[in-house]
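In: pasting the sequence and the predicted model now:
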Amino acid sequence: LKPLPKDAPIGLLQDNTFSRYSGATNFKELPLSKRTQDGLKRANYSKMTDIQRASLPHSLCGRDILGAAKTGSGKTLAFVIPVLEKLYKERWGPEDGVGSIIISPTRELAGQLFDVLKTVGKFHNFSAGLLIGGRKEVETEKEHVNVLNILVCTPGRLLQHMDETPNFDCSQLQVLVLDEADRILDVGFKKTLNAIVAQLPKRRQTLLFSATQTKSIQDLARLSLKDPEYLSVHEDA
Ligand code: ADP
Ligand code: MG
């Protein structure tokens, strides 16, 4: 066997190979693109947290995930990494439009996860946008939304763009993420989320992460999850 070139698009794991990586403890043991590895290294991430170790071997295979782990346990990287790897593997480019939507319940949390995405995705060429602005910024956002590959947004603002932005197109969506999924699936967002999901393609990967596990059949049906992997970890740290 010849060694792979350094920047080879190693891509996603085959669907049945996750078990080979289930014992991995460091990011460098996972078959991630060099760009993601470099982003992780630059941010000084080396050892995976429990939720990352439990979920990445599955999410990198393209599986749907319902992940639960308490606040501060590193859930952001558990979905940012598979988003980057999926789009990289698909050779996603400027003309391909929206490849991933990451929904967060509050502006503040959306801003924080956007910073993580920028840091770890630093060496990728994807365009990403934070769509959470106030009333004034919506017009500026509308000019840019159609050229973004990764959208980080709050539910209300995403729906506003779906309804108001000309040519808004997410028909090629590859990965949908709900961060703090239990809060987004809560009654307060129910109407908004249903309206959003109705406009998304059903064939996609869906990653749900929250502090508490949701197994409500209704919620899962609503999101058309496919044979999801339920992962709950409770860390001591
Ligand atoms: P959660 O979403 O579960 O509340 P975050 O993703 O916000 O957790 O991460 C909490 C903190 O842990 C952040 O400061 C983040 O930088 C740090 N962190 C996440 N993953 C790792 C890791 N593998 N190694 C070291 N620190 C990490
Ligand atoms: Mg979080």
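Out: The structure has been received and is ready for your questions. Ligands and ions are numbered 1, 2, ... in the order given.
In: which residues of this structure lie near ligand 1?
Out: 45, 47-49, 52, 69, 71-77 (CB under 6 Å from any ligand atom). In this view, the C-beta of every residue, glycine as well, is placed from N, C-alpha and C.
In: who wins for most neighbours among those residues?
Out: Counting neighbours by other CB atoms under 10 Å, residue 52 leads those with 27 neighbours.
In: report the contact partners of it.
Out: 74, 77-78, 81 (CB atoms under 8 Å, 6 or more residues apart in numbering).
In: list just the nearest of the residues of the chain next to ligand 1 to residue 140.
Out: Closest to residue 140 out of the residues of the chain next to ligand 1 is residue 76 (25.9 Å), distances taken as CB to CB.
In: how close does that closest one get to residue 112?
Out: Relative to residue 112, residue 76 is positioned 8 Å away (CB to CB, to the nearest Å).
In: sorry, back to before: among the contacts of residue 52, which ones are in strands?
Out: Using DSSP state E, no member of the contacts of residue 52 sits in strands.
In: closest to ligand 1 out of the residues you listed?
Out: The nearest member of the contacts of residue 52 to ligand 1, counting by CB to the nearest ligand atom, is residue 74 at 3.2 Å.
In: quick one: pLDDT of the closest one?
Out: The model reports residue 74 with a pLDDT of 97.
In: distance check, it against residue 61.
Out: The value you get for residue 74 to residue 61, if CB to CB is used, is 20 Å.
In: likewise for residue 71?
Out: 27 Å.
In: tell me how many other residues crowd residue 82.
Out: With other CB under 10 Å as criterion, residue 82 counts 27.
In: can you tell me which residues contact the nearest residue to it once chain neighbours are set aside?
Out: Closest residue in space to residue 82, ignoring its immediate chain neighbours: residue 59 at 4.0 Å, by CB to CB, 6 or more residues apart in numbering. Taking CB under 8 Å, 6+ apart, we find residue 59 in contact with 65, 78-79, 81-82, 205, 207.
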